[in-house]
Structure formats: C-alpha cells, structure tokens
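>>> whatever this is, show me its structure:
(one chain, ligands or ions: 2)
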Amino acid sequence: MRVLCCILAAGLAVAFVTASIADWSASVMRKLPEDLKLGVATAAFQIEGGWNAADKSESIWDTFCRIPGNIKDGTDGNDTCKSYEFYQRDIQMLKFLGVNFYRFSISWPRVLPNGFANKISEVGLGYYSRLVDELLANGIEPVVTIYHWDLPQNLQDLGGWANPLIADWFEDYARVLFDALGDRVKTWVTINEPKQFAIYGYGMKLCAPNIVSAGIGDYLAVKNLLVAHARVWHLYDKEYRPKQKGTIGIVIATDYREGATDSPEDIEAGKVAFDFEVGFYSHPIFSTTGGLPERVVKRVAERSAQQGFPRSRLPEFTPEEIEYIKGTSDFFGFNHYSTLFYTANSYKPGMYEIPSYNDDIGAVGTYGTYVTTSVPHTTKIPTGIRKALNWVKDSYNNPEIMIFENGFGNLGGNNDIDRIDYYIAYLDAILDAIEVDGCNITRYTAWSLMDNFEWMSGLSVKFGLFEVDYNDDKRTRTARASALWFKNLIATRTLNTDYEPQLREVTF
Ligand SMILES: *[C@@H]1O[C@H](CO)[C@@H](O)[C@H](O)[C@H]1NC(C)=O
Ligand SMILES: *[C@@H]1O[C@H](CO)[C@@H](O)[C@H](O)[C@H]1NC(C)=O
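Residues are numbered from 1 along each chain as shown. Ligands and ions are numbered 1, 2, ... in the order given. Below is the predicted model of the structure:
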C-alpha cells in the first residue's frame, strides 16, 4: 500500500514513522548498477510550441492538428509547453531532478525550413546549439533524437516516407546536425518508434501524415525508413565517428506481445504479433541474417496472393539492401509501456479492414485480466518488460540496451501515486533483468520530464513528472510526487520498493 504523505504536523510524522517500522520487513532496497545512467525524455513537437517562430515551416503534425476531429481534445502543437521560449527553465528542472542525461529531439522544419539542406535556419539551429551548450554547462549529457515524427510538410507533399528519396533528404538533414552539434553531442538516435509513425501514419488514420493506404503505403514507409536509418548510421560511422567518437542507433517501441494461453495457436499468435510489432524493425538491423522476420514475409505474401495482388504488398529488400541495413545500430534503443496478450481464435476475418496491418497479423490482443486505467497502453504489467528485455538479449546476442522511454499516463493530479507505483514495479523488473538475467542495460529514461502534447490524445493525457499549467501564459511547471520520487531515486541510486510518496510545493 502506498499513501501520499505530506508531513505537516508532528503528530502526522509520528504516525508515518510507526507505519514505516511496521512495514519494514516488506521493503526492499535495491542498489542501482553503477554504470546505469538515469535521464528523462521529451520530443520537439510535444513540448516546444513556437510553431512559426523565425523561419520555421510547418511539419506534418502542424497540418494534422489543424484538421477537426484528428486530435481528441481539439488541441494542437502551436504552443504546448513553450519550451522553445522557456528552455532554460527546463534545464533548471533537469538539474533539480539530478539526471545524468536529457533525451530531446530536433524539429526538422525548424532547422531546415525548406525540408532540404539548401537553406539552414541560423535561428533554428542556434536554438539547439544553445540548448546543448547549457545542458553541458549544467553537467547534463544531451542525447539527441534526429527524427521524432515531425517531418517538414513540403517533404510530405512529395510522398514523405513513402518516397524512397527520403533516404537522401534524411541523410542531408543528419549531416547538418552532425556538422553543427556533433562536437558536443555524443549519443544520437536516428529515428524514434518507426512503427508508430509508419503504420499509424500511413495505414491507420491515427497519426500524421494520415495517408490512407492500409497494408500498402505503411509497408512502403517501413522499408524506406529502414534504408534511411541505415544511410545515416553509415554516414556517421564513416565520416563523423572517427573525429566525433560518438554512438548512434535506432529506438524501437518494444512493448511485449505473447499468447494469452499456453495453446500452440495462441503462442504462435503472440509470436506473430511480436514479429510484426518489433521484429519488423529490429530483425533487419540486429539479427545475424538481416532482412525481415520470416513470419511477417510469409503472412503478407500469402494474404496478398489470396487478395488477388500479383505480388506481395510488402516491398522486397535486395540482398544488397539487406547487407547494408544489417548491423546499423550501436545499441538497442528500447521504449516500453505495456504488454498485450493474443488469442488466435478470437480473430474473425473482417474485424479489420482488408488489406491492413491488423488483418495481416490476424489475431486479437488484449490486456487480459490486468486492470487498465484511463490510458490503457500504459497498463501496469511489469513482467512484460523483463520478457521483452530478455527477448532482445536472446535474439540478438546480448546487445547494449538503452531504455529510452518508460512511463505512465493518466488524466492529471499531482498526487500521482499510480505513476510512482508503475515506475517502481518496472524498475524492479528491470533490475531483475540486469542482475538475474544478465541483460546489458546502460540507460533508463523516464517519459516524460513534464506533461506535453500527447499526439492524437492532445493535451488531456498526462505523462509528466512535472505538471504543466496550460492556462498560464508562462506554462508554470509544478513537481508531482513522482518528480520527488525520481529525484530521490537518482540521489540515493537505490530503488526503495516501499517508498512513501511525498509532496511539497516546487514550481518552475
Ligand atoms: C494554431 O495556429 C493556427 C494557424 O494560425 C490557427 O488556425 C489555430 O487556431 C491556432 N490554434 C490555437 C489553439 O490558437
Ligand atoms: C555492455 O555493453 C557495453 C557497450 O557495448 C560494453 O562496453 C560492456 O562491456 C557490456 N557489458 C556487459 C556486461 O556485457
């Protein structure tokens, strides 16, 4: 049991101490491994605002938000947390927490207003350069995501990720960033969560660019983004690594999927789902053979044939492309929120659009008997993160894993004992994965530093350690109980599974 405790009066404090002693036997104090770095993450579109500051052009998310009905609460990314204006305050919050690193992303249309590298925005690039300088001056390592979903709209007008030329455009953009920031930034992420923008954005009408091409355009985007990612890794590896000596990799949403029962059909359904959701992106990069997972290739080919397509809807990779993509990540960037359980026989053809990604998977996933809350995709199932981490370790010869997102969403409130509960349970499972299973995890990142624009859910869904007051022009941030918990975790480098949440007034 967790109680939120504001120690205001001596009487209360005494009651609190008594309770702690009574519970002592239940509490577990786990030291964090010395080489595990702790940080928090954000993304440009979700926090910056400044949508038309200086010469910035519009991204596909600016466009997407302007269409009524796309964002559940009707909000947009025009201002969000105003971090473009108040980034120095964000750094003060990071210092308060005591994080080792800060993972943020760069807005492509802020740096290259034409999308192309023929014109570099001095103002836009200057913003990120100052952010990097001031983080370093405060002892915080910058970890930079090159692409976190906000493609310049004019590149989308040419097809965006469905156009194979995106690999050229992405490489040119990355070169600008390596040239300008690579002397100070030593950890790069090429692309964040490919499935979420390719499948949701080109097939499911959930995300920008909202292209309606289920089971076709989404797979084109997947192929092109894998090639584009590899181009940028090779660019860094050949031309920049020798002098800048950094590290670069991809981040994959690695939520777990498994069979709902022990029946062979359900076990296989779980494996199919996991290969579609994760292996689709990880197998081409991390496996020794390279290429897409066999289950994915086979299922899409079979269904395409049944549907009368003369060839598979899944684009082929040439042997050269397979070789080129293989091995192009220095670490496994791992985001994780929850787990789904799959049953084979609950799927009826026609439940999903045909053709589509979900129909290709051909099975239905649920949270089983777990209690879902207002943000179901953060349902607390800590056994799932340990299994997902072990899957990565076992499938890809124990690579270095950087956990770059993990967190809990709700609809607000500063006494967020539900969020603390989630974090403690997941970190406990992560420590088991490190200490018992031998997974090589070198970073843990809480999503998110503060409330922000949660894509299609808008501003109504909250993931922040800090609350943001959107009614206040200054967007004042207030520490939640979870911020104080995270600060304590970092200061003590000890996970106390019986931590008593506290709340005191801290604002920025
Ligand atoms: C965001 O900017 C667009 C373009 O100027 C405008 O139409 C929209 O109303 C703005 N959103 C809000 C919440 O002010
Ligand atoms: C973890 O990965 C890092 C980076 O590759 C490596 O230096 C380290 O030796 C690995 N640790 C273990 C325990 O394998």
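
>>> just for the stretch 51-200 of the chain, where's the confidence low?
Within the stretch 51-200 of the chain, no stretch falls below the threshold (pLDDT under 70).

>>> my guess is residue 414 contacts residue 501, does it?
No. The pair residue 414 / residue 501 is not scored as a contact, 10.5 Å apart, by C-beta atoms under 8 Å. Any C-beta I mention is one placed from the backbone N, CA and C, and that applies to glycine too.

>>> of the two, which one has the most company?
With neighbours defined as other C-beta atoms under 10 Å, residue 414 and residue 501 compare such that residue 501 has more, 21 against 16.

>>> which parts of the stretch 51-200 of the chain are helices?
60-65, 83-97, 108-111, 122-137, 153-156, 166-181, 194-202 (DSSP state H, counting those that start in this stretch).

>>> how about the third one: buried residues?
Read it as helix 108-111. 108, 109, 110, 111 (16 or more other C-beta atoms under 10 Å).

>>> same question, stretch 267-285
267, 269-285.

>>> distance check, the residue nearest to residue 396 when sequence neighbours are not counted against residue 399.
Leaving aside its chain neighbours, residue 396 sits nearest to residue 286 (4.1 Å; criterion: C-beta to C-beta, 6 or more residues apart in numbering). Taking C-beta to C-beta, to the nearest Å as the measure, residue 286 and residue 399 are separated by 6 Å.

>>> same deal with residue 329?
For residue 329, the distance to residue 399 - C-beta to C-beta - is 8 Å.

>>> repeat for residue 500
37 Å.

>>> which SS state does residue 275 fall under?
helix (DSSP: H, G, I helix; E, B strand; the rest coil).

>>> quick one: residues contacting it.
Going by C-beta atoms under 8 Å, 6 or more residues apart in numbering, residue 275 touches 283, 293, 295, 296.

>>> cutoff 10 Å now
257, 282, 283, 292, 293, 294, 295, 296, 297, 299, 361 (C-beta atoms under 10 Å, 6 or more residues apart in numbering).

>>> and for residue 343?
259-261, 263, 265-266, 269-270, 363-366, 368.

>>> just the buried ones among those residues, please.
259, 260, 266, 269, 270, 363, 364, 365, 368.

>>> would you turn the residues you listed into a markdown table with secondary structure?
Converted to a markdown table, these look like this (three-state DSSP):
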| residue | secondary structure |
| --- | --- |
| 259 | strand |
| 260 | coil |
| 266 | helix |
| 269 | helix |
| 270 | helix |
| 363 | coil |
| 364 | strand |
| 365 | strand |
| 368 | coil |
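
>>> ok, so of those residues, who is nearest residue 184?
Ranked by distance to residue 184 (C-beta to C-beta), the buried ones among the contacts of residue 343 are led by residue 365 at 42.1 Å.

>>> gap between that closest one and residue 195?
14 Å.

>>> what sits in contact with each of these two?
Shared contacts of residue 365 and residue 195 (C-beta under 10 Å, 6+ apart): 255, 277.

>>> now do the phi/psi pair for residue 466.
Main-chain dihedrals, residue 466, degrees, to the nearest 10: phi -110, psi 140.

>>> I'd say residue 255 and residue 341 touch.
No. Under the criterion of C-beta atoms under 10 Å, residue 255 makes no contact with residue 341, lying 11.8 Å away.

>>> where does the nearest residue to residue 455 once chain neighbours are set aside land on pLDDT?
If the residues on either side of it in the chain are set aside, residue 455 comes closest to residue 207, at 6.4 Å by C-beta to C-beta, 6+ apart. With respect to pLDDT, residue 207 scores 98.

>>> and residue 207, what does it touch?
Applying C-beta under 10 Å, 6+ apart, the residues near residue 207 are 60-61, 64, 70, 149, 196-201, 455-456.

>>> part of a helix, is it?
No. Counting by three-state DSSP, residue 207 is not found in a helix; it is coil.

>>> one step back: give me the common contacts of residue 329 and residue 399.
Common neighbours of residue 329 and residue 399 (C-beta under 10 Å, 6+ apart) are 249, 282, 286.

>>> thinking again about what came up before, just the buried residues of helix 108-111 now: which is nearest residue 376?
Closest approach to residue 376 among these (C-beta to C-beta): residue 108, at 30.7 Å.

>>> and the gap between that closest one and residue 403?
25 Å.

>>> quick revisit: out of the helices of the stretch 51-200 of the chain, which is the most enclosed?
For these, the largest average neighbour count (mean count of other C-beta atoms under 10 Å) is found in helix 108-111, namely a mean of 27.

>>> just the C-alphas of it, formatted as CSV.
Written as CSV, here are the backbone C-alpha positions of helix 108-111 (Å, rounded to 0.1, in the frame of the first residue of the first chain):
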residue,chain,number,x,y,z
TRP,A,108,13.5,19.1,-38.9
PRO,A,109,11.4,22.1,-40.2
ARG,A,110,12.9,24.4,-37.6
VAL,A,111,16.4,23.6,-38.8
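
>>> roughly how far apart are the spatially closest residue to residue 161 that is not a sequence neighbour and residue 169?
Closest residue to residue 161 apart from its sequence neighbours, by C-beta to C-beta, 6+ apart: residue 221 at 3.9 Å. Distance of residue 221 to residue 169, computed by C-beta to C-beta: 14 Å.

>>> and if you look at residue 435?
44 Å.

>>> any common contacting residues for residue 286 and residue 399?
249, 329, 332, 392.

>>> partners of the first one in the sheet?
Bridge pairing for residue 249 (DSSP bridges) gives the partners residue 189.

>>> that one contacts residue 230, correct?
No. Using C-beta under 10 Å as the test, residue 249 is too far from residue 230 to be in contact (11.4 Å).

>>> find the residues that touch each one of the two.
190, 285, 328, 329.

>>> distance of the first one relative to residue 333?
Right, the one you point to is residue 190. Distance of residue 190 to residue 333, computed by C-beta to C-beta: 9 Å.

>>> more neighbours: which of residue 286 and residue 399?
Comparing residue 286 with residue 399 by other C-beta under 10 Å, the one with more neighbours is residue 286, at 22 against 19.

>>> for that one, give me its contacts.
249-250, 252, 279, 326-329, 332, 392, 395-397, 399 are the contacts of residue 286 under C-beta under 10 Å, 6+ apart.

>>> try 8 Å
329, 332, 392, 395, 396, 399 are the contacts of residue 286 under C-beta under 8 Å, 6+ apart.

>>> swap in residue 239?
Contacts of residue 239 by C-beta under 8 Å, 6+ apart are residue 178.

>>> same question for residue 170.
Residues counted as contacts of residue 170 (C-beta under 8 Å, 6+ apart) are 146, 147, 228, 231, 232.

>>> try it again at 10 Å.
Residue 170 neighbours (C-beta under 10 Å, 6+ apart): 108, 146-147, 151, 155, 161, 190-191, 224-225, 227-229, 231-232, 235.

>>> which pLDDT does the model give the nearest residue to residue 276 once chain neighbours are set aside?
Nearest in space to residue 276, with sequence neighbours left out and distances taken as C-beta to C-beta, 6+ apart, is residue 361 at 5.1 Å. We have a pLDDT of 97 for residue 361.

>>> distance check, residue 361 against residue 332.
Distance from residue 361 to residue 332, by C-beta to C-beta: 23 Å.

>>> contacting residues for the spatially closest residue to residue 147 that is not a sequence neighbour?
Nearest residue to residue 147, sequence neighbours excluded (C-beta to C-beta, 6+ apart): residue 191, at 4.8 Å. Applying C-beta under 10 Å, 6+ apart to residue 191 gives the contacts 145-149, 161, 170, 197-198, 225-226, 228-229, 232, 249-252, 281, 333.

>>> switch the cut-off to 8 Å
Contacts of residue 191 by C-beta under 8 Å, 6+ apart are 145, 146, 147, 225, 228, 229, 250, 251.

>>> what of residue 56?
For residue 56, the contacting residues are 50, 107, 109, 110, 113, 121, 124, by C-beta under 8 Å, 6+ apart.
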